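**Q** Attaching a predicted model along with its sequence, questions to come.
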Amino acid sequence: MPTRRDLLATGAGLAAAAASGAEAAARGAYWPGASDWAKAAPGEAGMDPARLSAALDAAMADRSVGLLVLRGGRIVAERYAQGTGPASPHQIASAAKSVVSVLVGVAIDEGRIRGLEQSAADFIPAWRGTPKAAITLRHLLTMTSGLDIRGLKVRGITGDQFALDAAAPQIAPPGTVWAYATPMFHLLYHVLERATGEPFQAFAQRTLIGPLGMADTTWVTGAGQGAMGPVTNYYTASCSARDLARFGLFALRGGRWNDRQLVSAAYMRAAVSPSQALNPAYGLLWWENAEPGRGAAPSEQAPHYIFEGAPRDAFAALGAGGQAVMVAPSRDLVVIRQGYAPAPAMLATLLAAVCASATRA
């Protein structure tokens, strides 16, 4: 009978194989320009037009405001609710976690962070010389810090977000429990500022948002008051569907954009692979379909495939309300969904249906 370690190795192997194929495919592949994006009819892209249309019809009827499907980097389908369009921004909630994960990888590539095993206390002074010094950046990226987030706000903070979240009490040794903890993710915005010596938004724009051409993306922040004066509190991002599609295509192709490797292929493989045995459905702030695991909601704690019916190599950036950047490397697909809270399992149904409509690679 396979052990938990065997399952993780299998899942990581699937993701690594898919990522390696994606990296090879990225060279010489089609890339959208700054203002132009090639389209392909579904049939020309090897997709069943009727099945694809039916999948998108069902998703639009379930509170979606934007849907976009890429195959081979080209747009094969795009739908918007009345009053919205390709450049219309929509808050992406926790899908921003995956963007920040990539930025951590970039900071490692630039030598600003030594690696995932570096103590977070190097950037969070209040943790130095305390048991929290055992918390690594890996723990923050995998939701295994062991900190208690009860009582912490994830929006509308008027004080110092960084100080408030850093003061969370430790209730378990790091690496021993998995618990979805948005306030601990928020610490990474501030870690990146301290590691890079740049304002977070400037670093993100220089290294990722700008190079990808995400022209309709802004960061959602709030003004707070700290002990030393005004501070910026970070929450999420607001993006258009086409901006998210750029991010999805970048992830599909192993962290590459045109002729540039924006984040190391090794980091990207790790980010979209199962990261620990406590929840094999979670990577480095990315959701995985390689092995059954737990979801973010209390109702999703029984082990299950995050995208039942979709290929096992699928992975995604997901946010509340059904915001999704879903990637299926073995089908060369990126599926974007934006909108409001859909019926349970709608995203899994959508991805599975779109993948099923892909009749050939």
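**A** That came through fine.
**Q** Pull out the buried positions in the strand or helix carrying residue 203.
**A** For residue 203, the host element (DSSP states H and E) is helix 200-204. Of the residues in helix 200-204, 200-201, 203-204 count as buried by neighbour count, 16 or more other CB atoms under 10 Å. In short, each C-beta sits where N, CA and C put it, glycine included.
**Q** outside of that helix, which residues touch it?
**A** Here helix 200-204 makes contact (CB atoms under 8 Å, 6 or more residues apart in numbering) with 99, 103, 107, 189-190, 192-193, 196, 219, 232, 234.
**Q** Most widely separated two among the residues you listed?
**A** The most widely separated members of the contacts of helix 200-204, counting by CB to CB, are 107 and 232 (18.3 Å).
**Q** Now do the same contact list for the residue nearest to residue 346 when sequence neighbours are not counted.
**A** The spatially closest residue to residue 346, leaving aside those adjacent along the chain, is residue 62, at 5.2 Å (CB to CB, 6 or more residues apart in numbering). With contact taken as CB under 8 Å, 6+ apart, residue 62 is in contact with 339, 342-343, 346.
**Q** how about a cut-off of 6 Å?
**A** Residues near residue 62 by CB atoms under 6 Å, 6 or more residues apart in numbering: 342-343, 346.
**Q** what's the first-to-last distance across stretch 143-160?
**A** The stretch stretch 143-160 measures 22 Å between its terminal residues, going by CA to CA, to the nearest Å.
**Q** Okay, strands next: where are they in the chain?
**A** For the chain, the strands defined by DSSP state E cover 64-71, 74-80, 90-91, 218-226, 229-239, 256-257, 260-261, 287-288, 315-319, 323-328, 333-339.
**Q** tell me the angle of the first one relative to strand 323-328?
**A** The one in question is strand 64-71. 20 degrees (axes from the mean of the first three to the mean of the last three CA atoms, to 10 degrees).
**Q** Is it possible to get JSON lines of the contacts of residue 62 that adds neighbour count and distance to residue 134?
**A** Listed next are these as JSON lines, based on neighbours: other CB atoms under 10 Å; distance: CB to CB, whole Å:
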{"residue": "342", "neighbour count": "20", "distance to residue 134": "39"}
{"residue": "343", "neighbour count": "12", "distance to residue 134": "41"}
{"residue": "346", "neighbour count": "19", "distance to residue 134": "39"}
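**Q** Return the member of those residues nearest to residue 268.
**A** Among the contacts of residue 62, and counting by CB to CB, the member closest to residue 268 is residue 346, at 27.1 Å.
**Q** hmm, back to that, save the strands of the chain as TSV, and put in mean pLDDT and distance to residue 212 too.
**A** Shown next, in TSV, are those (pLDDT from 0 to 100; distance: least, CB to CB, whole Å):
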stretch	mean pLDDT	distance to residue 212
strand 64-71	98	14
strand 74-80	98	16
strand 90-91	98	17
strand 218-226	98	14
strand 229-239	98	11
strand 256-257	98	6
strand 260-261	98	10
strand 287-288	98	21
strand 315-319	98	14
strand 323-328	98	12
strand 333-339	98	13
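**Q** tell me which of the contacts of residue 62 is nearest to residue 282?
**A** Nearest to residue 282, judged by CB to CB, of those is residue 346 at 20.3 Å.
**Q** Give me the neighbour count for residue 195.
**A** 22 (other CB atoms under 10 Å).
**Q** quick one: contacts for it?
**A** Shown in contact with residue 195 (CB under 6 Å, 6+ apart): 107, 112-113, 123.
**Q** 10 Å - rerun?
**A** For residue 195, the contact set (CB atoms under 10 Å, 6 or more residues apart in numbering) comprises 104, 107-108, 110-114, 118, 122-123, 137, 188, 203.
**Q** same question, residue 347
**A** Applying CB under 10 Å, 6+ apart, the residues contacting residue 347 are 59, 62, 287, 306-307, 310, 316, 318, 322-324, 326, 335, 337.
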